[in-house]
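**Q** Just to be clear, the model below is a prediction. Sequence and coordinates:
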Amino acid sequence: MRRGEDIYTASWRLFCSLRLTVWILALLLVGCIAGMFWDQTLSWRQQVDALQGRPIVLQLLFLFELGDAFHSWWFGALVLLLAINLTACSMQRLPPIWIAIARTPKRLSDSLLQTTTYKCVHRVSLPPAQMIKRVQSVLPKMSCEIHGDTIDGFMHKHRFARLGVYVIHAALLLILFASVLQSSCGVDGMLLLRPEQPVRMLQARGPAGVVYGHDLGFWVRCDHFYLHTFANGSPREFASDLVLWSADGNNTHELQQTVRVGEPLHYRGYTLYQASYQRLPNGDRVRLSVVYHNNPNRQSVSQPALQNIEHEGVVGQPLRLHDGSALVPLQVIDNAEGFGEALQLRHVQQEKGENQKGTANKTKNKTEFTVFRDYPDFDQQHRAADWHVVFHGSQPQYATGISVSKTTLVPVVFAGFVLLFVGLCIAFGMQDRRLYVRAKPLYDGDYEVVLAGFVHHRRAGQFAQEFAKISKRLFRLLHN
């Protein structure tokens, strides 16, 4: 703080300093590098478990929230400080520049002529009308006016070029605030959809990898999952038939669409991507036939004799037989002792009996056996029963992984980058320069013609060459 300066003036001068901008950008760069080298995909508990026995590093993890650096308190504070710094710099420097642009003098006075080094004076013997015509042939955009006996010409090219840096400031502020709001209010999570089981709660990932439940406000169901593989079994393509409808019970907004990798679905501000799939344990769908050797339970001629009945079901779900018993698929074995695909079954049959009190009760008689797809007569040859099972094969069932995100402010971020590109083009691709021509009559009837130029000091070298060319062309034409 300078002597005699209060704290408010000192704080304002600090936030308007470009040196502070450099320090903030350097700290943000260090923070980004730390975030890249520290695994940000692990949950908070996984990171704590990995650092057991390293108390100093664990304390740094707690203090600086390195597990989620881009949502940490210090990263947010640096972004806020940068926003304040950019705003203060713009507020301090923009008004004088805007006033200078709005009040640009359009006539070359003697005092203004003394402030530039780009000037040349010539004596010309031409009438005013012809002089103006030749000046405008060299500088077509120059406006010339006659004030009394003096001719004044003025041309201003790229008038707003000095505002490019403030367009960049505005773009950076837009990107910063939109990014912070998106990371704080956005939704990013995963849905694991089982076949024909609707879900509306999303497992979203919050700061520090904390998983929380998020209500989508609508139901999502997968009716069918497609998996196409190469000859070696590796996945080639997978997709899901999704059905979405409102959670309020009104199905008028129902939407059906197939979601593939690279072809997302958009619904109510959410974007659903096909991300992964997972084979369900004990969820395979099996096909089998129950072949009856006779039909002792046949009671009428109208009831046909049961010979071969096909069944299709899911592992773990019982299949009811005609005698009231149940056949439960327990497990599909891909290769059972080298005999190929096999199915382990359990036959559950209820038997009536009496307990010690003389009341009727039911007991379950359970029998487990195995059938092979490649050996359809195996069960008939090795198990004595009135029926046998033929196993036709199984089809694995998958749960589809749908990535869900809500990024409503992403277009704002993109708009900020477009504005940033425009600002860079203005700041580095345009040159604010002014040219003046003044012709005053002399005592002998000739005119003293003065050509003067003004440019920002950062582009002085380039403008000097341009000014020399214009001066040479102009006065060559005026002397002819």
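**A** Arrived safely, thanks for sending. Keep in mind that this is a model prediction, so the values were computed, not measured. Numbers count the residues shown, from 1 in each chain.

**Q** Pass me the low-pLDDT residue ranges in the stretch 301-450 of the chain, would you?
**A** Scanning the stretch 301-450 of the chain for pLDDT under 70 picks out 301-306, 351-363.

**Q** Now do the strands in the stretch 351-480 of the chain.
**A** For the stretch 351-480 of the chain, the strands defined by DSSP state E, counting those that start in this stretch occupy 360-372, 387-395, 398-406, 433-441, 447-455.

**Q** how about those strands, which one is nearest Ala239?
**A** strand 398-406 (8.6 Å; Cβ to Cβ). (Each C-beta comes from the backbone N, C-alpha and C, glycine too.)

**Q** Take the strands of the stretch 351-480 of the chain and lay them out in a markdown table including distance to Arg45 and mean neighbour count.
**A** Listed next are those as a markdown table, based on distance: least, Cβ to Cβ, whole Å; neighbours: other Cβ atoms under 10 Å:
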| stretch | distance to Arg45 | mean neighbour count |
| --- | --- | --- |
| strand 360-372 | 41 | 13 |
| strand 387-395 | 37 | 19 |
| strand 398-406 | 22 | 20 |
| strand 433-441 | 62 | 21 |
| strand 447-455 | 62 | 20 |
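
**Q** so how far is Asp241 from Gln257?
**A** 8 Å (Cβ to Cβ, to the nearest Å).

**Q** again with Gln256
**A** 7 Å.

**Q** now swap in Glu448 and tell me
**A** From Glu448 to Asp241 the distance is 86 Å (Cβ to Cβ).

**Q** quick revisit: what's the closest of the strands of the stretch 351-480 of the chain to Ser179?
**A** strand 398-406 (14.6 Å).

**Q** May I have the strands that pair with that closest one, each with its orientation?
**A** Paired with strand 398-406 in the same sheet, following DSSP bridges, are strand 187-193 (antiparallel), strand 270-279 (antiparallel).

**Q** As TSV, those with distance to Met142, mean pLDDT and mean neighbour count would be great.
**A** Converted to TSV, the strands paired with strand 398-406 look like this (distance: least, Cβ to Cβ, whole Å; pLDDT from 0 to 100; neighbours: other Cβ atoms under 10 Å):
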stretch	distance to Met142	mean pLDDT	mean neighbour count
strand 187-193	58	90	18
strand 270-279	54	92	17
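
**Q** of all these, which lies closest to Val348?
**A** Per Cβ to Cβ, nearest to Val348 of those: strand 270-279, 26.9 Å.

**Q** hang on, the earlier thing: tell me which of the strands paired with strand 398-406 sits nearest to His122.
**A** strand 270-279 (67.9 Å).

**Q** Give me the three-state assignment for Ile24.
**A** Judged by DSSP: H, G, I helix; E, B strand; the rest coil, the three-state class of Ile24 is helix.

**Q** Arg159: neighbour count?
**A** 14 (other Cβ atoms under 10 Å).

**Q** Please enumerate the helices of this structure.
**A** Taking DSSP state H to define them, one finds helices in the chain at 7-15, 18-37, 44-50, 55-64, 73-102, 110-113, 128-138, 164-185, 378-382, 410-429, 460-479.

**Q** Could you identify which of the ones you listed has the lowest mean pLDDT?
**A** Of all the helices of the chain, the minimum mean pLDDT falls on helix 44-50 (a mean of 76).

**Q** buried residues in that helix?
**A** 44, 47 (16 or more other Cβ atoms under 10 Å).

**Q** before we move on, back to that, compare the helices of the chain and give me the one nearest Tyr436.
**A** Of all the helices of the chain, helix 110-113 comes closest under Cβ to Cβ, at 7.8 Å.

**Q** can I have that closest one written out in PDB, keeping just the CAs?
**A** Extracted C-alpha coordinates of helix 110-113, given in PDB (Å, rounded to 0.1, in the frame of the first residue of the first chain):
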ATOM      1  CA  ASP A 110      -1.900  22.300 -35.300                       C
ATOM      2  CA  SER A 111      -1.800  20.800 -31.800                       C
ATOM      3  CA  LEU A 112      -2.900  17.400 -33.100                       C
ATOM      4  CA  LEU A 113      -0.300  17.500 -35.800                       C
END
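
**Q** Excluding chain neighbours, give the residue nearest to Ser179 in space.
**A** Val413 (6.0 Å; Cβ to Cβ, 6 or more residues apart in numbering).

**Q** Could you do Leu192 as well?
**A** Ala399 is the one closest to Leu192 (Cβ to Cβ, 6+ apart), at 5.1 Å.

**Q** next one: Ser471
**A** Cys120 (5.0 Å).

**Q** returning to that earlier point: the strands of the stretch 351-480 of the chain: which one's closest to Gly213?
**A** strand 398-406 (12.5 Å).

**Q** Just the CA atoms of that closest one, as CSV, please.
**A** The C-alpha coordinates for strand 398-406 follow below in CSV (Å, rounded to 0.1, in the frame of the first residue of the first chain):
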residue,chain,number,x,y,z
TYR,A,398,-27.3,-58.3,-20.8
ALA,A,399,-27.9,-55.1,-18.8
THR,A,400,-27.2,-52.1,-21.0
GLY,A,401,-25.1,-49.2,-19.6
ILE,A,402,-26.6,-45.8,-20.6
SER,A,403,-24.6,-42.7,-19.8
VAL,A,404,-26.9,-39.8,-18.9
SER,A,405,-25.8,-36.2,-18.8
LYS,A,406,-27.6,-32.8,-18.6
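
**Q** for it, the distance to its chain's centre please.
**A** 16 Å (Cα atoms, centre = their mean, to the nearest Å).

**Q** List the contacts of that strand.
**A** 186-195, 202, 216, 220, 222, 225, 227, 238, 240, 242, 259, 269-280 (Cβ atoms under 8 Å, 6 or more residues apart in numbering).

**Q** Next, the angle helix 164-185 makes with that strand.
**A** For strand 398-406 against helix 164-185, the angle by axes from the mean of the first three to the mean of the last three Cα atoms, to 10 degrees is 140 degrees.

**Q** Show me which of Gln256 and Asp241 is the more surrounded one.
**A** Neighbour count, other Cβ under 10 Å: between Gln256 and Asp241, Asp241 has more, with 15 against 12.

**Q** Next, the contact list for the more buried one, please.
**A** 222-226, 256-258.

**Q** count of neighbours near the closest residue to Gln136 other than its chain neighbours?
**A** Once flanking residues are discounted, Gln136 sits nearest to Met142: 6.0 Å by Cβ to Cβ, 6+ apart. Met142: 17 surrounding residues under other Cβ under 10 Å.

**Q** related to what we said a few turns ago, run through the bridge partners of the residue nearest to Leu192.
**A** Gln278.

**Q** Measure how far stretch 34-46 is from the centre of its chain, please.
**A** 19 Å.

**Q** which residues touch stretch 467-475?
**A** 118, 120, 122, 124, 134-135, 138-139, 435, 437, 449, 451, 453.

**Q** go with 6 Å
**A** 118, 120, 122, 138, 451, 453 (Cβ atoms under 6 Å, 6 or more residues apart in numbering).
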